[in-house]
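Visitor: Sequence and computational prediction follow.
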Amino acid sequence: INHIVHNGGLYKRPFNEAFEETPMLVAVLTYVGYGVLTLFGYLRDFMRQWKIEKCQNATEREEQKDFVPLYQDFENFYNRNLYMRIRDSWNRPICSVPGAKVDMMERVSHDYNWTFTYTGRVIKDIINMGSYNYLGFAQKSGTCQEAAAKVLSQYGAGVCSTRQEMGNLDKHEELEKLVARFLGVESAMAYGMGFATNSMNIPALVGKGCLILSDELNHASLVLGARLSGATIRIFKHNNMQSLEKLLKDAIVHGQPRTRRPWKKILILVEGIYSMEGSIVRLPEVIALKKKYKSYLYLDEAHSIGALGPNGRGVVDYFGLNPEDVDVMMGTFTKSFGAAGGYIGGKKELIDYLRTYSHSAVYATSLSPPVVEQIITSMKCIMGEDGTTVGKARVQQLAENTRYFRRRLKEMGFIIYGNEDSPVVPLMLYMPAKIGAFGREMLKRNIGVVVVGFPATPIIESRARFCLSAAHTKEMLDTALKEINEVGDLLQLKYSRHRLVPLLDRPFDETTYEETED
Amino acid sequence: MDVKQVKDYLYWLYYQYLLITCSYVLEPWEQSMFHTITVTVFAMVLYTAYVFVPIHLRLAFQFFSQIFGGQPGSTV
């Protein structure tokens, strides 16, 4: 059900987010399927233990059989009995640049996915719906590639040192000034790895005696950083502002658990786009709450930088807010810029502090020069400073692709999670056999998709996640949609009970409230 | 032509059964075992229904007609 939220004038545009609930019959049948697989899993484990069948997974050595068992928990059971059976949908080796179309090496398995052999054939021109290539900068020709090649011949590929020692190149200084200008903040710092940016910098910002309020569905890097810091962590429900406000009120009123002293710092950890749900954070409300309760905000824009907003400047630009309201703006260069690494932007004092105290700055090797040049060229392209309108055109193409793709999938009758404007599109599959079947059927039709199951998602909510790109033309999207429609009919994936009325040529204003017919 | 359509439809129904019960991902010998058990259980359910349902229906009909008919129940 689409509902428009106009929360006291905080939102300048409608916020359409929907998570349709699981149909009861589908949930029951999913559990039945998992029950059958669990029974067969027990049978196979029994056979492996009594040596009726050869054991191909990792086990303890003979001498260690009396120790505390290593592989008895549910994760390992799931891994060897359920994941192994459909493992051929993951870790597929690609052998070309992951642009809009990609080449893949063909693999077969003769022992039910325990080992793979390459047939030697390369499957060419698979439509790539899985790479985080939001603005299409993953290219092997063009201005970015030429600039990166020039820098490679000038500086080489290795840096061989950390930022604090000999690894601080003039390219890094140039990049950081550019990133600060792009985001609209005072200063920024770039790191070699996006995951390490989160996990190594949160411990530098908060410590014991501080409170971290983290969203339910935060990424593993944020969770790891929060746990490493030693601060108290409290979780609020996903994108739920009432839950966040309640936690903030309790924190201010009651203080630290035993001593009742006030918290040294309260840090709210949210992400711009949550990649498993496709939902966008309610940033205006979070900022209003942050100002009211005097806490700090850490915004992880890994998927939203470059992909949202009329100028491609991320979720702050999308909502039309002031970048100075967000205390720590973090993001990665992996997704929209076609490079690698992460950055943190904020006030000059904060970044200067991080230059000295961040683990990543002290111990991790800095970014490689050709990668830095790729980021600089692509960022200038998005900002329009290279003299062309290519960047603006790409941002608009991505927004058009997103709206078109989501609208068409909803019309077909699939359950799609998330916000109308997010380029990450999760399509619900639910049943475990359909996870493997969907991946294989789509590959047969020359479309590469990413399917996700437990433990990245709750056990019955497995999904296929499409990542749209500005490099996808309308023909590619139409081909993909046609194939998804076919596979959806073949596998009976059209679970949605809310049929969307196809969009007429009328503007979406206050009077067009109900768009669904139940 | 019709026979082919019917056969395709039956194969599609079999495919749906494989997907829903997750026997699509099982190895062939596990699939045979699962199909044998399912067919056996289903056959037993059908047999039980055939033996017991008519008698139960007849007794229930008699019971309700006794209440609504108001006649003294004959023990003949």
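Guide: Arrived safely, thanks for sending.
Visitor: what about the chain, any weak spots by pLDDT?
Guide: I went with chain A, as the question did not name one. Applying pLDDT under 70 to chain A flags the ranges A:1-8, A:499-518.
Visitor: if you could check chain B rather than the one you did, that'd help
Guide: B:70-76.
Visitor: Enumerate the residues of it near chain A.
Guide: Counting by Cβ under 8 Å from any Cβ of the partner chain, chain B comes close to chain A at B:12, B:15-16, B:18-27, B:30, B:34. Heads up, the C-betas are built off the backbone N, CA and C, glycines and all.
Visitor: What subset of these is buried?
Guide: Burial by neighbour count, judged by 16 or more other Cβ atoms under 10 Å in any protein chain shown, picks out B:18, B:19, B:20, B:21, B:22, B:23, B:24, B:25, B:26, B:30, B:34 from those.
Visitor: quick one, phi psi at the residue nearest to residue A:84 when sequence neighbours are not counted?
Guide: Nearest non-adjacent residue to residue A:84, counting by Cβ to Cβ, 6 or more residues apart in numbering or on different chains: residue A:113, 5.4 Å away. For residue A:113, the backbone dihedrals are phi 70, psi 10 (criterion: degrees, to the nearest 10).
Visitor: sorry, back to before: okay, and which of the residues of chain B next to chain A map to helices?
Guide: Under the assignment DSSP state H, these contribute B:12, B:15, B:16, B:18, B:19, B:20, B:30, B:34 to helices.
Visitor: With adjacent residues omitted, what lies nearest to the fourth one?
Guide: Spatially, and ignoring its direct neighbours in sequence, residue B:18 is nearest to residue B:24 (4.2 Å; Cβ to Cβ, 6+ apart).
Visitor: next one: the first one
Guide: Residue nearest to residue B:12 in three dimensions, not counting chain neighbours: residue A:490, with 7.6 Å by Cβ to Cβ, 6+ apart.
Visitor: Surely the one you found touches residue A:441?
Guide: Yes. Residue A:490 is in contact with residue A:441 according to Cβ atoms under 8 Å; the separation is 6.7 Å.
Visitor: With neighbour numbers in mind, choose between the two.
Guide: Applying other Cβ atoms under 10 Å in any protein chain shown to residue A:490 and residue A:441 shows that residue A:441 carries more neighbours, namely 19 against 15.
Visitor: In a helix, that one, correct?
Guide: Yes. Counting by DSSP: H, G, I helix; E, B strand; the rest coil, residue A:441 is part of a helix.
Visitor: ok, it - contacts?
Guide: When contacts are counted by Cβ atoms under 8 Å, 6 or more residues apart in numbering or on different chains, residue A:441 touches A:487, A:490, A:491.
Visitor: gap between it and residue B:51?
Guide: 43 Å (Cβ to Cβ, to the nearest Å).
Visitor: likewise residue A:234?
Guide: From residue A:234 across to residue B:51, the span is 60 Å (Cβ to Cβ).
Visitor: Skipping its backbone neighbours, what lies nearest residue A:44 in space?
Guide: residue A:81 (6.1 Å).
Visitor: so the one you found sits right up against residue A:43, yeah?
Guide: No. Here residue A:81 lies out of contact with residue A:43, judged by Cβ under 8 Å, at a distance of 9.3 Å.
Visitor: Those two: which has the busier surroundings?
Guide: Higher neighbour count among residue A:81 and residue A:43: residue A:81, with 19 against 14, using other Cβ under 10 Å.
Visitor: mind listing what residue A:251 touches?
Guide: Applying Cβ under 8 Å, 6+ apart, the residues near residue A:251 are A:211, A:213, A:234, A:263, A:266, A:293.
Visitor: which parts of chain A sit against chain B?
Guide: Proximity of chain A to chain B, by Cβ under 8 Å from any Cβ, involves residues A:29, A:32-34, A:36-37, A:40, A:43, A:82, A:85-86, A:112, A:431-434, A:436-437, A:490-492.
Visitor: Taking the stretch 251-400 of chain A, what residue is nearest to chain B?
Guide: Residue of the stretch 251-400 of chain A nearest chain B, by Cβ to the nearest Cβ: residue A:276 (22.6 Å).
Visitor: Next, that residue: secondary structure please.
Guide: Counting by three-state DSSP, the backbone at residue A:276 sits in coil.
Visitor: got the buried residues for stretch A:322-338?
Guide: By neighbour count on 16+ other Cβ under 10 Å, the buried set for stretch A:322-338 is A:323, A:325-338.
Visitor: Ends of stretch A:174-191, what's the gap?
Guide: By Cα to Cα, to the nearest Å, the extent of stretch A:174-191 from end to end equals 14 Å.
Visitor: which parts of it are buried?
Guide: Within stretch A:174-191, the residues that qualify as buried are A:175-176, A:178-180, A:182-185, A:187-191, counting by 16+ other Cβ under 10 Å.
Visitor: now do stretch A:452-461
Guide: A:452, A:453, A:454, A:457, A:460, A:461.
Visitor: Kindly format the C-alpha coordinates of it as CSV.
Guide: Extracted in CSV, the C-alpha atoms of stretch A:452-461 (Å, rounded to 0.1, in the frame of the first residue of the first chain):
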residue,chain,number,x,y,z
VAL,A,452,20.0,-13.9,-1.5
GLY,A,453,19.0,-16.2,1.2
PHE,A,454,19.7,-16.9,4.9
PRO,A,455,21.8,-15.6,6.7
ALA,A,456,21.8,-12.3,4.9
THR,A,457,18.0,-12.1,5.1
PRO,A,458,15.5,-13.6,7.5
ILE,A,459,15.1,-17.3,6.8
ILE,A,460,11.7,-17.2,5.0
GLU,A,461,12.3,-13.9,3.2
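Visitor: and it, how far out from the chain's middle?
Guide: Distance, stretch centre to chain centre, for stretch A:452-461: 15 Å (Cα atoms, centre = their mean, to the nearest Å).
Visitor: repeat for stretch B:46-60
Guide: On Cα atoms, centre = their mean, the centre of stretch B:46-60 falls 13 Å from that of its chain.
Visitor: Quick check: which element contains the closest residue to residue A:92 other than its chain neighbours?
Guide: In space, and not counting its chain neighbours, residue A:92 is closest to residue A:104: 5.7 Å by Cβ to Cβ, 6+ apart. Taking DSSP states H and E as the definition, one finds residue A:104 inside strand A:101-108.
Visitor: same question, residue A:466
Guide: strand A:463-467.
Visitor: The helix or strand following that strand packs against which elements?
Guide: Remark: after strand A:463-467, the chain's next helix or strand is helix A:474-491, criterion DSSP H and E. In terms of contacts (3 or more Cβ pairs under 8 Å, 6 or more residues apart in numbering or on different chains; DSSP states H and E), helix A:474-491 is packed against strand A:117-128, helix A:390-412, helix A:432-444, strand A:447-448, helix B:2-20.
Visitor: Following the chain past the first one, name the next helix or strand.
Guide: Of the helices and strands lying after strand A:117-128 in sequence (DSSP H and E), the nearest is helix A:143-155.
Visitor: buried stuff in that next one?
Guide: Buried-residue list, helix A:143-155, by 16+ other Cβ under 10 Å: A:144, A:145, A:147, A:148, A:151, A:155.
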